[in-house]
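# Kindly generate the corresponding structure for this input.
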Amino acid sequence: MAAIEFRLPKGAILFTDGDGTAYEFREDLGEAHHGLSLFQMRRRSPEGHPRGKVLVKAVGNPRGGVKEGARFVKARAKLEEQVRLAKYLDHPGILRVHCLHKTNAAWYVITDHPTGEDLDYLMGLATEVDQWFSPEFALYVGAAVASALDHAHTAKDAKGNPLGIVHRAIDLGHVFVNWEGRVQVSDFGLAFSHLPNRVVSTRRRPQGDA
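Sure, this is the predicted structure:
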């Protein structure tokens with residue numbers, strides 16, 4: 001499913017939050033999933049000073065037609081679901097989801113920007129210099145990812161009921177490592193869970209990238 005199209009000039013201010021922080025469009029990173037667009041944006045203080053980068057998932061208004069309208073409704077529901085689920089994912093190895101921001105033109109979910117590079121990039125870098133990651137590095141990253149996923153798998157709701165969260169899209173593009181050795185897992189937007197009123201997958205097939 002292609003993302004619902006946005007046409008944005010670099011540097012455009014898409015919205016401002018309650019404390020006056022503005023969100024400036026920097027780069028279109030393509031489709032996330034379920035018709036959602038993924039942007040890199042920069043926060044600016046009310047005085048215009050840079051406050052660092054964030055990742056933003058967005059869905060705009062449908063451009064017409066019943067099929068487009070159905071995609072729009074599902075995409076917005078997935079944004080709301082991801083924010084509700086994020087309340088139970090408090091772990092240093094999981095990128096933090098901040099909030100859902102709604103405007104007349106679009107809805108946006110704001111997420112921390114990773115501090116490092118994804119494993120896909122690092123694998124390419126290792127190939128270019130004809131080196132391999134050491135077994136110790138692979139075990140270190142694997143253990144860190146396992147810790148983050150264990151936190152998700154064992155998460156419970158406010159009443160103590162297991163949420164059964166499964167990421168369903170763990171791949172090289174969703175694991176980030178910085179030069180200090182911090183490992184982070186991103187994007188639980190395709191996750192399965194027992195969250196009440198979640199958006200049910202319409203087709204019985206594996207989720208995420210093959």
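
# Need the pLDDT of A32.
We have a pLDDT of 78 for A32.

# Provide the count of other residues in contact range of the spatially closest residue to it that is not a sequence neighbour.
Computed as Cβ to Cβ, 6 or more residues apart in numbering, the closest residue to A32 that is not its neighbour in sequence is L38, at 4.3 Å. For glycine as for every other residue, the C-beta is placed from the backbone atoms N, C-alpha and C. By other Cβ atoms under 10 Å, 20 other residues sit near L38.

# do the one 3 residues further on as well
M41 has 24 neighbouring residues, counting by other Cβ under 10 Å.

# again, but for F15
Per other Cβ under 10 Å, the neighbour tally for F15 reads 17.

# So what pairs up with it in the strands?
Y23 (DSSP bridges).

# shouldn't it be in contact with N104?
No - the pair F15 / N104 is not scored as a contact, 10.1 Å apart, by Cβ atoms under 8 Å.

# sorry, back to before: could I get the CA-only coordinates of the helix or strand encompassing the residue nearest to A32 as PDB?
Assessed by DSSP states H and E, L38 sits inside strand 37-44. Output in PDB follows, covering the C-alpha atoms of strand 37-44 (Å, rounded to 0.1, in the frame of the first residue of the first chain):
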ATOM      1  CA  SER A  37       4.400   8.600   5.500                       C
ATOM      2  CA  LEU A  38       7.700   8.900   7.500                       C
ATOM      3  CA  PHE A  39       9.400  12.200   7.800                       C
ATOM      4  CA  GLN A  40      12.600  13.500   9.500                       C
ATOM      5  CA  MET A  41      11.800  16.800  11.100                       C
ATOM      6  CA  ARG A  42      13.600  19.400  13.200                       C
ATOM      7  CA  ARG A  43      12.200  21.000  16.300                       C
ATOM      8  CA  ARG A  44      12.600  24.800  16.800                       C
END
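
# For the lowest-mean-pLDDT helix or strand in the chain, which helices and strands make contact with it?
Every helix and strand in the chain was compared by mean pLDDT, DSSP states H and E; the lowest is helix 66-86, with a mean of 80. Applying 3 or more Cβ pairs under 8 Å, 6 or more residues apart in numbering; DSSP states H and E, we find helix 66-86 packed against strand 50-60, strand 97-102, strand 106-112.

# chain center to it, what's the gap?
Distance of helix 66-86 from the chain centroid (Cα atoms, centre = their mean, to the nearest Å) equals 14 Å.

# same question, stretch 140-147
Offset of stretch 140-147 from its chain centre (Cα atoms, centre = their mean): 19 Å.

# For that stretch, list the C-alpha coordinates in CSV.
What follows is stretch 140-147 as a C-alpha-only set of coordinates in CSV (Å, rounded to 0.1, in the frame of the first residue of the first chain):
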residue,chain,number,x,y,z
TYR,A,140,26.0,-7.7,22.3
VAL,A,141,23.5,-6.3,19.8
GLY,A,142,21.4,-9.5,20.0
ALA,A,143,21.3,-9.4,23.8
ALA,A,144,20.3,-5.7,23.7
VAL,A,145,17.5,-6.3,21.2
ALA,A,146,16.3,-9.3,23.2
SER,A,147,16.1,-7.2,26.3
